[in-house]
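Asker: structure for the following, please:
(chains A and B)
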Amino acid sequence: MEPIRIIKSKATPLDMANIDTDQIIPKQFLKLIQKTGYGKYLFYDWRFDKNGKLKPNFVLNDPKYQGREILVTRDNFGSGSSREHAVWALEDYGFKAIIAPSFADIFYSNCFKNGILPIKLNASDVEYLIRDADDEEIKIDLAVQEVLVAHKILHFQIDESRKKKLLEGLDDIDITLNMESQIAEYEKKKSTSDHMIFTWKIR
Amino acid sequence: MASKVAITANDYISAQLIIDKHMSETLFEKIWDSHVVGPGNESEQGPSLLYIDRHLIHEVTSPQAFAGLRAIGRTVRRPELTFATMDHNVPTDNRSLPIVDPISSLQIHRLEQNCKDFGITLFDVNSPDQGIVHIIAPELGITLPGTTIVCGDSHTSTHGAFGTIAFGIGTSEVEHVLATQCLWMDKPKTFAINIVGSPRNPRAVTAKDVILSLIRQIGTSGATSTVIEYRGETISKFSMEERMTICNMSIEAGARAGLIAPDRTTFEYIRGRRYAPQGEQFEKMVEFWEENLTTDPNAQFDESFILNVDHLAPQVSWGTNPSMVVDVTETIPFPADFAKGSENERKAAFRALDYMALEPGTPIVEIPIDRVFIGSCTNSRLGDLLEASIIAKGRKVSPNVRAMVVPGSQQVKREAERLGLDKIFKAAGFEWRESGCSMCLGMNPDILAPGERCASTSNRNFEGRQGTGGKTHLVSPVMAAAAAIEGHFVDIRDWL
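Answerer: Residues are numbered from 1 along each chain as shown, chains lettered A, B, ... in the order given. From the prediction side, this is the model:
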């Protein structure tokens, strides 16, 4: 995974709360067996009409917002289905960071596995970014946990271990496989503990 | 060398605190703590590496995980702890024919190949045990109290009904579990939801109505980053099927998982199931479960909520998320009333009404229905079908409605057919289908046409969920069956 340190871009404002993963990527695009190429299906039913033509009133179709790498949106972004295809689509489309007051848990976790930085800012900062900072260049500095926009510095919180993984582009599975002795020890303990025997030996 | 150390008052207090802490844990904390592999300290900060006892996979969210393993030459650490089935995109009509959609077919064949190559038990499309992953795992005794279960599917919360920490994960995490049998998780907060009272007519006001009413009150992010423990007399009286319906929709309130302490009802459900402990081993496990899998009386939850269901009415969703719900006796709300002062909520309500093509003030019972779907991991178990069949018996589906019953599993289907439910449904004009997720998410050919309005026993009424441009109203099985008969919603309390 590519490390993330600094993201510089203007933002695309998606002024809606509770956007679910069914909207981010509708079910008809979940039948593929690879992780790539989902960008063209992002927000499909909002971007395209039934003939596959662009809907002019959807923000992602506005020429002004093309090529932007930051998405700013409202509460509870990514709710509903666990489909990681939602993150693959956002990433493939070109978004590197998503700013919202809150995220749904599974979606939030999926972002980190794919090099997308989800940033939680308070509702008034998000309101500012959506209403007033539409044309401002934004600089996100993950190392110091800051969003810099028009002389404002907005701090954000992020778990240290998650931050480290993004900054260094680390792979979760590699990290866990390095804990083999701890896993083996846990398995040994469990396999000899009386009440755990059954859950241990399934077949 | 032994040294004499005087025990001070402070030591005594510390020891007492440790005992108190031990004696005042929630069920969730007990199961969580017994599954933490690392990092090895008692730090409350940062994620823990959690051991996963059972891993369930299906055709849609697993292919990229196996591809990831293959790309680096990794293996599956404990293939005997993973179980696979095909449910999301399998057709529910004639199973003897090949799958028409070549892309769905590829996903299905890829799962077969992956299970074969990595030694994973698969209940394939022709297996007598095939079905929706969250229906078959409890049926087969794979779901057991006190364990951790994950699946690349948000409705994994269903299994919490057994006193199991069960939650949905993304595909990268599926790959992680396959490779390591572990998962990194932030410890969720605890949320006690006490459900008290008894609906006056429990045949007409069901577990589905209870959970819809709860989500209506706490909202779709009301339980984000928490594990809910459902407690109280109402829950104790519920069957395992009803408890699964409740836990299933925990995710619609944003919760990481839903949990119910196991009791006699749980143990009797598990007894004798194929992958569960048998005989003396089972009795031993029950003793252990009874002794350990409870929340201590003085345990503290991070949050709590009380829901009284004494006067609960059948619930019907009117909007495009599962908190947009009213009583069947109510009317479509006005956005300002719904929003309670929140501008974002007001805008969301306007948008939802526009999408759903509904006018504020319209009585729910006057909304005409085109389609009815009885199925999904929320409501496709034998009890659901049995209750719906009582409504259907001797009646006819409205000529304006196309209605479909999709049993959750082949086992449910066989049991239902043994009771003659298929004949009742077919005589009334319902389609009787093979098992799968079907029109809950419309990945297979079972979808709504644009503009069609559906009374559905599923769990999500998001825009386009059941088909692009389709309109979904979430209801209980008896409410759905009655809507099929009348062609519009009815207050099912008048029928039962």
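Asker: grab the nearest non-local neighbour of residue A:128.
Answerer: Nearest non-adjacent residue to residue A:128, counting by C-beta to C-beta, 6 or more residues apart in numbering or on different chains: residue A:152, 7.7 Å away. (Each C-beta comes from the backbone N, C-alpha and C, glycine too.)
Asker: and that neighbour, what are its phi and psi?
Answerer: phi -100, psi 150 (degrees, to the nearest 10).
Asker: then the helix ranked longest in chain B to PDB, C-alphas only?
Answerer: For chain B, the longest helix by residue count, based on DSSP state H, is helix B:102-118. Extracted in PDB, the C-alpha atoms of helix B:102-118 (Å, rounded to 0.1, in the frame of the first residue of the first chain):
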ATOM      1  CA  PRO B 102     -22.200 -15.100 -16.600                       C
ATOM      2  CA  ILE B 103     -20.700 -12.700 -14.000                       C
ATOM      3  CA  SER B 104     -22.700 -14.300 -11.100                       C
ATOM      4  CA  SER B 105     -21.700 -17.700 -12.400                       C
ATOM      5  CA  LEU B 106     -18.000 -16.700 -12.400                       C
ATOM      6  CA  GLN B 107     -18.300 -15.600  -8.700                       C
ATOM      7  CA  ILE B 108     -19.900 -18.900  -7.800                       C
ATOM      8  CA  HIS B 109     -17.400 -21.000  -9.600                       C
ATOM      9  CA  ARG B 110     -14.600 -19.000  -8.100                       C
ATOM     10  CA  LEU B 111     -15.900 -19.700  -4.600                       C
ATOM     11  CA  GLU B 112     -16.000 -23.400  -5.400                       C
ATOM     12  CA  GLN B 113     -12.400 -23.400  -6.600                       C
ATOM     13  CA  ASN B 114     -11.200 -21.300  -3.600                       C
ATOM     14  CA  CYS B 115     -12.900 -23.700  -1.100                       C
ATOM     15  CA  LYS B 116     -11.400 -26.700  -2.900                       C
ATOM     16  CA  ASP B 117      -7.900 -25.300  -3.100                       C
ATOM     17  CA  PHE B 118      -7.800 -24.100   0.500                       C
END
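Asker: ok now the next helix or strand after it, how far from the chain's centre?
Answerer: Downstream of helix B:102-118, the next assigned helix or strand under DSSP states H and E is strand B:121-123. Its chain's C-alpha centre and that of strand B:121-123 lie 21 Å apart, by C-alpha atoms, centre = their mean, to the nearest Å.
Asker: tell me where the model's unsure across chain B.
Answerer: For chain B, the stretches with pLDDT under 70 are B:1-22, B:40-44.
Asker: meant to ask about chain A
Answerer: A:194-203.
Asker: now with 50?
Answerer: A:197-198, A:200, A:203 (pLDDT under 50).
Asker: mind checking the longest helix of it?
Answerer: Longest helix in chain A, counting by DSSP H: helix A:180-192.
Asker: pull the CA atoms of it into PDB?
Answerer: Extracted in PDB, the C-alpha atoms of helix A:180-192 (Å, rounded to 0.1, in the frame of the first residue of the first chain):
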ATOM      1  CA  GLU A 180       2.900 -15.700  15.200                       C
ATOM      2  CA  SER A 181       4.300 -16.700  18.600                       C
ATOM      3  CA  GLN A 182       1.500 -14.900  20.500                       C
ATOM      4  CA  ILE A 183      -1.100 -16.400  18.200                       C
ATOM      5  CA  ALA A 184       0.300 -19.900  18.700                       C
ATOM      6  CA  GLU A 185       0.500 -19.400  22.400                       C
ATOM      7  CA  TYR A 186      -3.100 -18.300  22.500                       C
ATOM      8  CA  GLU A 187      -4.100 -21.300  20.400                       C
ATOM      9  CA  LYS A 188      -2.200 -23.700  22.700                       C
ATOM     10  CA  LYS A 189      -3.800 -22.200  25.800                       C
ATOM     11  CA  LYS A 190      -7.200 -22.500  24.300                       C
ATOM     12  CA  SER A 191      -6.700 -26.100  23.000                       C
ATOM     13  CA  THR A 192      -5.900 -27.400  26.500                       C
END
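Asker: packing partners for it?
Answerer: With contacts taken as 3 or more C-beta pairs under 8 Å, 6 or more residues apart in numbering or on different chains; DSSP states H and E, helix A:180-192 sits against helix A:197-200, strand B:36-38, strand B:48-51.
Asker: got the residues of the stretch 201-350 of chain B near chain A?
Answerer: Residues of the stretch 201-350 of chain B lying near chain A by C-beta under 8 Å from any C-beta of the partner chain: B:220-221, B:224-225, B:251-252, B:254, B:256, B:275, B:277, B:281, B:284-285, B:288, B:292, B:321, B:344-345, B:347-348.
Asker: give me every residue that touches residue B:51.
Answerer: Contacts here follow C-beta atoms under 8 Å, 6 or more residues apart in numbering or on different chains; on that basis residue B:51 touches A:183, A:186, A:187, A:190, B:35, B:36, B:37, B:148, B:181, B:182.
Asker: next, the last one: phi, psi?
Answerer: Right, residue B:182. Dihedral angles (degrees, to the nearest 10) for residue B:182: phi -130, psi 170.
Asker: now it: closest residue in space that isn't a chain neighbour?
Answerer: Nearest to residue B:182 is residue B:49, by C-beta to C-beta, 6+ apart, at 5.0 Å.
Asker: residue B:39 is in contact with the one you found, correct?
Answerer: Yes: Residue B:49 is within contact range of residue B:39, at 6.7 Å (criterion: C-beta atoms under 8 Å).
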